[in-house]
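[1] Build me a model:
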Amino acid sequence: MTHSPIDLFTPAVELAAAIRRKEVSPVEVVDRCLERMDALDPRLNAFCHRADDEVRKAAAAAADVVARTASADDLPPFHGVPLPVKDLVDVAGWPTTHGSAGTGRTPATASDPVVRRLVDAGFVLLGKTTTSEFGALPFTENETLGISRNPWDPERTPGGSSSGAGVAVAAGMAPIAHAEDGGGSIRIPASCNGLVGLKPTRGLVGNATVGAEGLGTSGVLTRTVADTAAALDVLARHDPGLWWSPPAPRRSFASVLETDPPTGLRIGVLTDSPIAGIEVDPACTAAVAVTLRTLESAGHHVVDTPLPLPPADELVAAFMTIWNVGGSGVPLTDPERVEPHNRALRAAARSVDSWSYTEGVRKAQQLSRRIVEDFLAGFDLLVTPTTAWLPPPVGAWRAGADDHPLAALLNSYPLGVFTSVFNVTGQPAISVPVHHDTATGLPVGVQLVAAPWREDLLLQVSRTLELAHPWIDRRPPLG
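    Below is the predicted model of the structure:
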């Protein structure tokens, strides 16, 4: 074994290659992660479940496999690389809190299929990361899991609901992290923490069941486009037991980065908030301007055609019909300890009969069809801010919460106003950190949206932006 210094900001693909070359050991990498977690997590609060002895045992087993394997080509793609899992999905032997004081702490008996795919790919599960309760809000500040803080400015939120995942990767506690996105929960923390976050097309990545009509999906938070592409190759597997599961992609997502995107793409732009009254921060529109200049210089065409969106009240109503049932299926041991906003959402969901719910879902599908058909007619890609605001201060969501149970959700709209639309349409969307705001020192992401099943195009264009505006060496002042 040749020993090299371990930099936990090394991309996961490169770290896996170093393990295969026997330059570093999985044990050394895991020990370095755990040391950094010990140093930083008491302040940042990325992890809600640690099983260090179990993690070290898994790393030692991975190291033994490396030693006994004749050819590195026989190892899975991410063999020995540590990865934490968001605390909304089951890992066998670990509790799943869903971020709630109302759930039990009995260890799961089986792992979610997404977790099994990650393990099969060689990842060493590092622990579980924080989330807002049921993943309903784009920040984690709750009774059960505490306050997760942004490594770039601990007085601000890291976004969410994949809060801990974003913090862990941005602060160098993990090279890559599992995340989930039902309204922006991969893309929002990607923007807030200076990371890459892709929400795949509806149905491309399947969990144990199809929840919330397919609004949500699993993915990862990473530092590079290449890591995101390679991880998507692991996650996008056909699942014959799942209701919605397309055939496996014919070409690997990692391989599409070996070729340039087609030139002359039609680039649409959306910088005004889809919901009236939400002002977009100039730093967020600056990220869009940087992106458009880069794409134009690469031979693409910015078109003036706006994306026709349905009235905001129709969009919100369609989204909330489904969002209200997001906590269904979560086993509760003490429903009275569920947070007020989620109790209100559950009450709203229970007030809708099955006939009305089905009509609401039908309306959401009709709105989605209109948006996607107009998109296809006008654009190849759409560029928007990922969020309307920079990461707000910790506690900003509390305004009015004592008097109105849904105030926390309403106060969070500026973080999810550009992302949630594409959970309804099911289109793939990615946030990449093209901009850095000099006034605040914060990273700022831009969102790219493509037609359904065109993750290849998103990855190729994101790689173009990554080469033009390298972000891999940007690190928060904590570390």
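[2] Which elements pack onto the helix or strand hosting residue 361?
    Remark: residue 361 resides in helix 354-378, with elements defined by DSSP states H and E. Contact partners of helix 354-378 among helices and strands, from 3 or more CB pairs under 8 Å, 6 or more residues apart in numbering; DSSP states H and E: strand 266-269, helix 312-323, helix 421-425. Using the backbone N, CA and C atoms, a C-beta is placed for each residue, glycine as well.
[3] could those be laid out in a markdown table, adding mean pLDDT?
    Formatted as a markdown table, the helices and strands packed on helix 354-378 follow (pLDDT from 0 to 100):
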| stretch | mean pLDDT |
| --- | --- |
| strand 266-269 | 98 |
| helix 312-323 | 84 |
| helix 421-425 | 96 |
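[4] re the thing from before, what's downstream of the helix holding residue 361, the next helix or strand?
    With elements assigned by DSSP H and E, the helix or strand that comes after helix 354-378 is strand 381-385.
[5] in its sheet, what does that following strand sit against?
    strand 266-269 (parallel), strand 442-450 (antiparallel) (DSSP bridges).
[6] Comparing the ones you listed, which stretch has the densest surroundings?
    Ranked by mean neighbour count, these are led by strand 442-450 with a mean of 27 (mean count of other CB atoms under 10 Å).
[7] Let me know the average pLDDT across that one.
    Regarding strand 442-450, the rounded mean pLDDT is 98.
[8] any idea of the angle that strand forms with helix 354-378?
    90 degrees (axes from the mean of the first three to the mean of the last three CA atoms, to 10 degrees).
[9] Just the CA coordinates for strand 442-450, please, in PDB.
    Provided in PDB are the C-alpha atoms of strand 442-450 (Å, rounded to 0.1, in the frame of the first residue of the first chain):
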ATOM      1  CA  LEU A 442     -21.400  32.800  -0.600                       C
ATOM      2  CA  PRO A 443     -21.600  30.400  -3.600                       C
ATOM      3  CA  VAL A 444     -24.500  30.900  -5.900                       C
ATOM      4  CA  GLY A 445     -26.000  28.200  -8.100                       C
ATOM      5  CA  VAL A 446     -27.800  28.300 -11.400                       C
ATOM      6  CA  GLN A 447     -30.500  25.800 -12.500                       C
ATOM      7  CA  LEU A 448     -30.500  24.100 -15.900                       C
ATOM      8  CA  VAL A 449     -33.600  22.300 -17.000                       C
ATOM      9  CA  ALA A 450     -33.900  19.900 -19.900                       C
END
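[10] helix or strand right after it?
    Per DSSP H and E, strand 442-450 leads on to helix 455-468 as the next helix or strand towards the C-terminus.
[11] Could you name the helices and strands sitting against that following helix?
    Counting by 3+ CB pairs under 8 Å, 6+ apart, helix 455-468 packs on strand 196-199, helix 225-235, helix 253-256, helix 282-297, strand 381-385, strand 429-437, strand 442-450.
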